[in-house]
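# quick one: sequence plus predicted model below, questions after.
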Amino acid sequence: MRISLLNSIFLVCFGSLHLAYGQNIDPECACNLGNLWLDVVVVIDNSQGMSNDGLTQVAADIATVFAQSNITQVLGQTTRVGIVTYGQSAVTKYDLTAFNDTDTFINAIFNVADKPTTDTESYIYTGLSAAQTVLHDGRVNGKRNNVRQAIIVYASDYKSQGQEKDPVQLAQQIKEDGIGIITVAFNQFGAEGVLAGLANLSTPGMAFTNKDIDLAGEIQRNGLCQINCFCPTAWTQYTSQFGLASARRFALCLKLGDIDSMWAAAKLACQNMANSAYLVSEFDEDKHNFIYQFFKNQSGIPGPYMYHNGLSWDIPSQQWMWEQYAGQDKIPLSGSSYTAWNPGILF
């Protein structure tokens, strides 16, 4: 890998999201359920299509999903949860200020999902719309403005009410507002198109079914914990594939520093961009390809592209080392997970 000092080279920084470091692999998003910083609305289809058995399964699944969560109104890395039910119309059972502890929430879920209503129709638009309102009202006067928001929908059917009440358009608007949507298809009677319809509403990669093995774990790991893993404004999250919405997220954030500089100056400039920022590492070809596409997309200049990364010769240890954030030991190139994928020499 060539480290050049040409003045035309840019720098790419990335910052940590406060996970464990000192390893030679890029950290994936943490999934500490007790530290999730979320506002969540659980939306339950309680129409006839769900059935008593279906609602019992829904309640048990929700209780399992949130059993380890720190549900409270206390500020900090805590979770607030509201509950909406729907069939032909929607009802807000509990808003985001209702629960002060997890046990009270779990008891409420079993009471709410006690039995189906007499509604024979299930219009998911009504449930999504009510959940959107609950999340909006939960931020009155700027309360918890920086907290990530999510909607979990448990549905027995997928029906549209026409263009004016199109659930796909509403879901798109919700997602554009930065709200994650997790869908769970409880298809009791094998109706075709339910799972596909719900997948059109969900955040990519967050459409599940009651037939999934370890459903609660899937919702936790690949739903709530992914939504909880995000980057500050103006930073881009590193994922397993650039530009793919359903790609696996990592706890790393990238930012292009459009500064012409030598490597040493780039290192200092990067550290001054934000706490825990440092010149980017490229442990493998996948990471390099992501950074290439990121740079190409951000810089607005024609190729070939040249930028500083975090690899440099460390004089005290007499070896090549990868930069890490201030106070953290650098990672040696030798013995790391780095694999050479392109011809070239270090100099």
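Perfect, I can see it now.
# which SS state does residue 183 fall under?
strand (DSSP: H, G, I helix; E, B strand; the rest coil).
# domains in the protein, by residue range?
10-29+233-332, 33-228 (automatic domain parsing).
# quick one, which of the ones you listed is packed in tightest?
Ranked by average neighbour count under the criterion mean count of other C-beta atoms under 10 Å, the domains of the chain are headed by domain 33-228 at a mean of 19. (Glycine included, C-beta is placed from N, CA and C.)
# nearest residue to residue 105 in space, please, no chain neighbours.
Among residues not flanking residue 105 along the chain, residue 99 sits closest, at 4.4 Å (C-beta to C-beta, 6 or more residues apart in numbering).
# run through the residues that contact the one you found.
71-73, 80-81, 105, 108 (C-beta atoms under 8 Å, 6 or more residues apart in numbering).
# now it, what's its secondary structure?
coil.
# quick one: pLDDT of it?
Per-residue pLDDT puts residue 99 at 98.
# also the one 3 residues further on?
pLDDT recorded at residue 102 is 98.
# quick one: the helices in this structure?
Applying DSSP state H to the chain gives helices spanning 51-66, 102-112, 124-137, 167-176, 194-201, 215-219, 225-228, 263-273, 285-299.
# a markdown table for the ones you listed, including distance to residue 324?
Shown next, in a markdown table, are these (distance: least, C-beta to C-beta, whole Å):
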| stretch | distance to residue 324 |
| --- | --- |
| helix 51-66 | 35 |
| helix 102-112 | 36 |
| helix 124-137 | 37 |
| helix 167-176 | 34 |
| helix 194-201 | 39 |
| helix 215-219 | 31 |
| helix 225-228 | 24 |
| helix 263-273 | 11 |
| helix 285-299 | 15 |
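# so for residue 305, which of those helices sits nearest?
Closest approach to residue 305 among the helices of the chain is made by helix 285-299 (5.3 Å; C-beta to C-beta).
# residue 62 reaches residue 42, doesn't it?
Yes. Assessed by C-beta atoms under 8 Å, residue 62 is found in contact with residue 42 at 5.8 Å.
# quickly list what's touching both of these two.
With C-beta under 8 Å, 6+ apart, residue 62 and residue 42 have common neighbours 109, 152, 154.
# contacts only, for the second one.
Right, the one you point to is residue 152. So residue 152 contacts 40-43, 62, 65, 182-184, 219, 223 (C-beta under 8 Å, 6+ apart).
# switch to 7 Å and redo it
40, 42-43, 182, 219 (C-beta atoms under 7 Å, 6 or more residues apart in numbering).
# now swap in the first one and tell me
Taking C-beta under 7 Å, 6+ apart as the criterion, residue 109 is in contact with 59, 62-63, 83.
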